[in-house]
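>>> show me the folded form of this:
(2 chains, ligands or ions: 3)
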Amino acid sequence: MTKRNQPGPEGDRIVAGGTAGNEASANRGFEIVAREDFSDQTFLLDIRHPLLAKAARPGQFVIVLVHEHSERIPLTLADFDPAAGTITLVIQAVGKSTGEMQRNCHVGSRLLGVVGPMGEPSRVTDAKKVVCVGGGLGVAPVFPQARAFKENGAYVIGVVGFKNKELMFWEDKFKTTCDEFIVCTDDGSAGIKGLVTEGVRSAMARHDDIDEVIAIGPPIMMKACADATRAEGIKTVVSLNPVMVDGTGMCGGCRVKVGGRIMFACVDGPDFDGHQVDFDDLMNRLKRYAEEESLAMERWSESCRQSRETPAPTPVAPLPAPDPTSPAGPQDT
Amino acid sequence: MAKKKTIRTIPQERNPIPVQDAEARIRNFSEVALGYGLENALNECERCLLCPQAECVVGCPVRIDIPGFIEKISQGDYRGAYDVISDANLLPAICGRVCPQEDQCEGVCPVGETLEPVAIGRIERWIGDLAIQEGWENVPYIEPNGFRVGIVGSGPAGIACAADMAKAGCEVTVFEALHRPGGVLRYGIPEFRLPNDVIDAEIERVTGVGVKFECNTLVGRLFTIEQMRDEMGFDAVFIGTGAGSPTFAGLDGESLNGVMSANELLTRCNLMQAGEFPAYDTPIHLGRRIAVIGAGNTAMDAMRVVLRLGAEKVYCVYRRTRDESPARREEMEHAEEEGIDFHWLTAPVEILDDGAGNVRAMRCIRMELGEPDDSGRRRPVPIEGSEYEFETDMVVYAIGTSANPILGQTSKLRLNKWGYIDTDENLATSIAGVYAGGDIVTGAATVILAMGAGRRAASSMKAYLGLRDSEVVYLAEHAEGAARLFGIDRAEKNFARVRVA
Ligand SMILES: Cc1cc2nc3c(=O)[nH]c(=O)nc-3n(C[C@H](O)[C@H](O)[C@H](O)COP(=O)(O)OP(=O)(O)OC[C@H]3O[C@@H](n4cnc5c(N)ncnc54)[C@H](O)[C@@H]3O)c2cc1C
Ligand SMILES: Cc1cc2nc3c(=O)[nH]c(=O)nc-3n(C[C@H](O)[C@H](O)[C@H](O)COP(=O)(O)OP(=O)(O)OC[C@H]3O[C@@H](n4cnc5c(N)ncnc54)[C@H](O)[C@@H]3O)c2cc1C
Ligand code: FES
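Ligands and ions are numbered 1, 2, ... in the order given. All right, here's what the predicted structure looks like:
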């Protein structure tokens, strides 16, 4: 007779380490299986999460918890590979949380939590000709969309923007996917000198039959792109990134104004009609925690400085040592 | 019991519950109500008339045998009392703290017709706390029946349903989107009212009956309800995703920095520990003079949290009067003692900008009570020309919540016109084998109503799976090592096995 009413070894699962179905509880958290540094600011992580890799669609994002004290960090799915069971994130270290990830996330370490995919997937329409624009941290997230449109038979023009040549990445990936590919740099060290809007204008000048523009990047860039296409009336989809907490539609912190209505970016978006979005509102709301962000950054930099003197890199999600006293495995099933 | 108690022989005074002094407590997050000691608890039990047809049991949404556990306590059998309660409710320390007892068990207590009703909630809490302290578990004998049940959402509805299904022998997994289980208990109700340790301890009891919790799992997006049933091998599914989507009023100035929902405020503080920023990474940008709109439990919690975080002045702005406030009575009284400044019959009109995108002030209008509305409460109507401005640098909305859209977006579940899940009277949804209950069906209600719904759905799910819905205790020889007896008799078990095969 079986008795499965003993508190099993899964007991500890109730603490934050949900492994979403398919890993033993000893492997608490989500393993980082690859890392690539594009520059001293931008890096890529591949994370093992087979279910998520299978469910992910272009335009969706995840929320990452690095450790017990961390915030919930929203990051767009830059890629996903159902066969390998991995998802790809491309992260720009801009503050404490992303800086900490840059410093501590290594191959083999684990993230405490990865939840998603969140948000409505991007609508891959039947558009015949599309321009996919990525600026800064938007370059990676626009890639799966470019690929999805290509697979759908569209003519895809890729436009990406960086500060300078050194920060560029994924040129090959875009080149093999896009029918045309335009690079813009602020200093002209590669491609066109200027902002991505230059690239968009140049595409518009050469093609009068663009059906859709997808623009992902800093709000100011998405705003400029929406302004550039407004006169021509070209449908322009942007992916908004307001400050989020839960990412499940529960807090309303991510609310944005679209066409005069309040929308929650995490469940109603993150994609919206760029011509309807109130970007000034978004930019103002992104400043909400500026004071706290710089305080956190200062403290963090200080602690990095100190730990450099006594190097002892902390593991990302400190794993509890397996408890030898806990019952070994399910009783007798 | 020797002689039959009467209203005249019982102790006349309700035993007071010790509370932390208001001056001290507004500077800490420790519990406000400290709970009964043994003597108080025993005294209060003496006040119960042990009515044979106990109305309090009917008044309790999960039908706890209240006279049953009170009698056990009076006999000195505290462990037995815990077993009586936890047969119906695995979360007594939680419910004893947060239930609106005045509207339920205590509201119908006959003692209350002449005197103050028996303090059932406080006694329940005392037993719940004692059980945690002593490490008691009420783990019944469970025989696996091979059925797998998936539960979406780890709030009180999900937990109650999970516990009942696990006790019936099903293999139960609860999926939760956030990184900690508990639903509103965890992210909404603050530490000084419901400590996290208490939630942890009682949820551990639920894992004790075999329920597995999987956090960080956003159902609908990671997999759909239909996939749970068709591909993942769940024989039945229960949805208890709550009504967590905060409402705003659509006033000018709502997107200014400094305006947030109570859910955001409470989630930052309770779930993410923003009060301890920068030791924890999630910040909260606290104002000095904070206005909270609304006067329900959520509003009370929001006000009392910001007070403890160091706000100088906290206002409550509510368009009706104190009598119409839906908050638990005790919370209202505590909020008043703590110095919250209540503005009854006042409605916000506009939130004003400081010129840099932050809140500077709020314009309000005074109201008066008119004719009764649908809810039977007198409708507040604005008094013309009574608008005024008052200074505030943070505005928190606690004016209600609505249905979360994710499951509607991702499944074929039939929703009603407000976006809540449509169910029949047995809590079955439009998808066979999928049941729903709690706030996602009724709209925002209470912990214990959600638990009651979870239990009702469990009984429908047992019927659907062909399991007998019974709390009757069977055959002693089944009992090897199990603390108590519970479950389904052998003949029926065999029937279930045949079905599975
Ligand atoms: C849906 C969504 C998808 C995102 N995808 C990516 C991505 O793929 N790669 C990536 O590098 N970043 C992405 N971000 C932004 C990323 O979440 C923030 O950069 C990160 O949370 C900043 O945390 P921090 O502590 O490192 O910096 P902080 O010190 O908190 O902030 C530094 C700066 O970043 C801005 N910022 C803070 N929070 C956010 C936020 N939630 N969104 C945008 N800007 C913010 C602040 O205004 C500030 O100027 C995304 C954000 C959202 C909402
Ligand atoms: C601040 C506040 C104070 C309150 N105080 C009291 C009180 O004192 N007494 C009282 O009786 N009631 C109180 N209530 C009301 C009470 O908490 C709720 O009625 C009750 O919690 C509802 O339970 P539920 O199980 O239906 O949903 P919830 O408690 O809301 O739980 C739902 C859970 O489902 C999860 N979820 C949602 N969508 C998904 C998804 N797609 N996939 C996976 N998981 C998902 C959510 O993250 C959440 O954890 C209060 C509510 C609030 C907000
Ligand atoms: S992040 Fe909380 S509602 Fe969108």
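>>> next, give phi and psi for the closest residue to chain B within the stretch 51-200 of chain A.
Closest contact between the stretch 51-200 of chain A and chain B, by CB to the nearest CB, is at A:E71 (4.1 Å). (Each C-beta comes from the backbone N, C-alpha and C, glycine too.) The phi and psi torsions at A:E71 (degrees, to the nearest 10) take the values phi -80, psi 170.
>>> what's the burial count for it?
A:E71 has 24 neighbours, counted by other CB atoms under 10 Å in any protein chain shown.
>>> again, but for the one 3 residues further on
Residues contacting A:P74 under the criterion other CB under 10 Å number 23.
>>> quick one: contacts for it?
Contacts for A:P74 (CB atoms under 8 Å, 6 or more residues apart in numbering or on different chains) come out as A:61-64, A:118, A:241, A:244, A:247, A:266.
>>> make sure the residue of the stretch 51-200 of chain A closest to chain B is actually in contact with B:F277.
No - here A:E71 does not reach B:F277: they are 9.5 Å apart, not a contact under CB atoms under 8 Å.
>>> residue contacts, the residue of the stretch 51-200 of chain A found nearest ligand 2?
Closest approach of the stretch 51-200 of chain A to ligand 2 (CB to the nearest ligand atom) occurs at A:V115, with a separation of 9.4 Å. By CB under 8 Å, 6+ apart, A:V115 lies in contact with A:62-63, A:247, B:177, B:179, B:216-218.
>>> format those as TSV; extra columns: pLDDT and secondary structure.
TSV is the format used below for the contacts of A:V115 (pLDDT from 0 to 100; DSSP: H, G, I helix; E, B strand; the rest coil):
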residue	pLDDT	secondary structure
A:V62	95	strand
A:I63	95	strand
A:G247	92	coil
B:A177	94	coil
B:H179	90	coil
B:N216	93	coil
B:T217	94	coil
B:L218	94	coil
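>>> contacting ligand 2 as well, which ones from those?
When contact is defined as CB under 6 Å from any ligand atom, the contacts of A:V115 meet ligand 2 at B:177, B:217-218.
>>> nearest to ligand 1, of the residues you listed?
Using CB to the nearest ligand atom, these come closest to ligand 1 at B:L218, 14.0 Å.
>>> return the residues in contact with the residue of the stretch 401-501 of chain B found nearest ligand 2.
Residue of the stretch 401-501 of chain B nearest ligand 2, by CB to the nearest ligand atom: B:G438 (2.4 Å). B:G438 sits next to B:153, B:155-158, B:240-242, B:445, B:449-450, B:453-454 when contact means CB under 8 Å, 6+ apart.
>>> the same query, at a cut-off of 7 Å, please.
The contact partners of B:G438, by CB atoms under 7 Å, 6 or more residues apart in numbering or on different chains, come to B:155-157, B:240, B:242, B:450, B:453-454.
>>> for the spatially closest residue to B:E124 that is not a sequence neighbour, what are phi and psi?
The shortest distance from B:E124 to any non-neighbouring residue, by CB to CB, 6 or more residues apart in numbering or on different chains, is to B:G96 (3.8 Å). When read as degrees, to the nearest 10, the backbone of B:G96 gives phi -60, psi -30.
>>> now B:G96: how far from ligand 1?
39 Å (CB to the nearest ligand atom, to the nearest Å).
>>> what is the burial count for that residue?
Neighbours around B:G96, by other CB under 10 Å: 26.
>>> so what's residue 283 closest to, chain neighbours aside?
Went with chain A since none was named. Closest to A:M283 by CB to CB, 6+ apart is A:P219, at 5.1 Å.
>>> oops, chain B please
Counting by CB to CB, 6+ apart, B:P283 lies nearest to A:E292, which is 3.5 Å off, once chain neighbours are set aside.
>>> how about the secondary structure of that neighbour?
Per DSSP: H, G, I helix; E, B strand; the rest coil, the local secondary structure of A:E292 is helix.
>>> report the central residue of chain A.
By CA atoms, centre = their mean, chain A has its centre lying nearest to A:T76, at 2.1 Å.
>>> now whatever residue of chain A ends up closest to ligand 1: how far from B:A295?
Of all residues in chain A, the one sitting closest to ligand 1 is A:G95 (1.9 Å; CB to the nearest ligand atom). Distance of A:G95 to B:A295, computed by CB to CB, to the nearest Å: 37 Å.
>>> again, but for B:D373
16 Å.
>>> of the two, who's got more company?
B:A295 (28 against 10).
>>> now that one: how far from B:I340?
Counting by CB to CB, the separation of B:A295 from B:I340 is 10 Å.
>>> what residues are shared contacts of those two?
Contacts common to B:A295 and B:I340, judged by CB under 7 Å, 6+ apart, are B:C316.
>>> give me every residue that touches the residue nearest to B:P283.
Shown in contact with A:E292 (CB under 7 Å, 6+ apart): B:277, B:283, B:285.
>>> tell me the pLDDT at it?
If you check A:E292, the pLDDT there is 81.
>>> and if you look at A:V245?
A:V245 carries a pLDDT value of 90.
>>> number of residues surrounding it?
Applying other CB under 10 Å, we find 25 other residues in the vicinity of A:V245.
>>> which stretches of the chain have low pLDDT?
No chain specified, so I'll use chain A. A:1-27, A:308-333 (pLDDT under 70).
>>> right idea, wrong chain: chain B
B:1-3, B:469-501.
>>> go again with 80.
B:1-4, B:138-140, B:274-276, B:278-279, B:375-377, B:468-501 (pLDDT under 80).
>>> would you mind listing what in the stretch 201-333 of chain A touches ligand 3?
A:244-247, A:249-254, A:264, A:266.
>>> I'd like the residues you listed laid out as CSV, including secondary structure.
Below are those laid out as CSV (three-state DSSP):
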residue, secondary structure
A:M244, coil
A:V245, coil
A:D246, coil
A:G247, coil
A:G249, coil
A:M250, coil
A:C251, coil
A:G252, coil
A:G253, coil
A:C254, coil
A:F264, strand
A:C266, helix
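>>> what about A:C132, distance to B:F147?
Using CB to CB, one gets 48 Å for the distance from A:C132 to B:F147.
>>> A:D79 - how many residues pack around it?
21.
>>> just confirm A:L44 is within a strand.
Yes - if the criterion is three-state DSSP, then A:L44 is within a strand.
>>> quick check: bridge partners of it?
A:E36, A:V90 (DSSP bridges).
>>> contact partners for it?
Contact partners of A:L44, counting by CB under 7 Å, 6+ apart, are A:35-36, A:38, A:88, A:90.
>>> which among the residues you listed end up buried?
A:35, A:38, A:88, A:90 (16 or more other CB atoms under 10 Å in any protein chain shown).
>>> next one: phi and psi at the residue of the stretch 401-501 of chain B at minimum distance from ligand 3?
Nearest residue of the stretch 401-501 of chain B to ligand 3 (CB to the nearest ligand atom) works out as B:N404 at 9.4 Å. B:N404 has phi and psi values of phi -70, psi 130 when expressed as degrees, to the nearest 10.
>>> does it touch B:S245 like I think?
Yes - at 5.1 Å, B:N404 counts as touching B:S245 under the criterion of CB atoms under 7 Å.
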